[in-house]
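S.K.: Generate coordinates for the sequence data below:
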Amino acid sequence: MDWPDLLRFPIIWREAGSGIRHVLERILADRGLSASFLLEVTGAEAVGQAVSAGVGIGFVAKTVLAQRSDWDVKVVHVRDETALRWTLYVAAPDEPYQSSTMRAFLASLQGP
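M.R.: Numbering: from 1, shown residues only. The predicted structure is shown next:
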């Protein structure tokens, strides 16, 4: 499904401070697109509940969907998936104060 196809439906937005909302707004602005109807909710749980209730379509991370198999939602992949990325900021203690678990976690973020 392409962005114009998705924008025919009501969009359920996360709150203004949400990272995923910020990314989606930027993607739409970059393409000169806008959503015709918006509903703003707080949190991924509220997005899922609104979608389950048939209010509109929403965007949540794959990890959220993996944890919520009880949601009555259909998953659709956007053809422009490379644009659906955001930056994760992690606050971590300086190296001498890191536990082995923290070092392993930080190493996993760096990838292979």
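S.K.: Give me the residues contacting the helix or strand bottoming out on mean pLDDT in the chain.
M.R.: Ranked by mean pLDDT, DSSP states H and E, the weakest helix or strand in the chain is helix 62-67, scoring a mean of 76. Residues outside helix 62-67 that contact it (C-beta atoms under 8 Å, 6 or more residues apart in numbering): A44, G48, W71, V73, V75. For glycine as for every other residue, the C-beta is placed from the backbone atoms N, C-alpha and C.
S.K.: and the second one, that's in a strand?
M.R.: No. Residue assignment for G48, taken from DSSP: H, G, I helix; E, B strand; the rest coil, gives helix, which places it outside any strand.
S.K.: distance of it from V73?
M.R.: As judged by C-beta to C-beta, to the nearest Å, G48 and V73 stand 7 Å apart.
S.K.: Looking at the two, which has the bigger crowd around it?
M.R.: Neighbours per residue (other C-beta atoms under 10 Å) separate G48 from V73, with G48 holding more: 22 against 17.
S.K.: next SSE after the least confident helix or strand of the chain?
M.R.: helix 100-110 (DSSP states H and E).
S.K.: CA atoms only: put that next one into CSV for me.
M.R.: Extracted in CSV, the C-alpha atoms of helix 100-110 (Å, rounded to 0.1, in the frame of the first residue of the first chain):
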residue,chain,number,x,y,z
SER,A,100,28.3,-6.5,31.9
THR,A,101,24.6,-6.4,31.0
MET,A,102,24.7,-2.8,30.0
ARG,A,103,27.9,-3.4,27.9
ALA,A,104,26.2,-6.3,26.1
PHE,A,105,23.1,-4.2,25.5
LEU,A,106,25.1,-1.3,24.0
ALA,A,107,27.1,-3.7,21.9
SER,A,108,23.8,-5.1,20.5
LEU,A,109,22.7,-1.6,19.4
GLN,A,110,25.9,-1.3,17.3
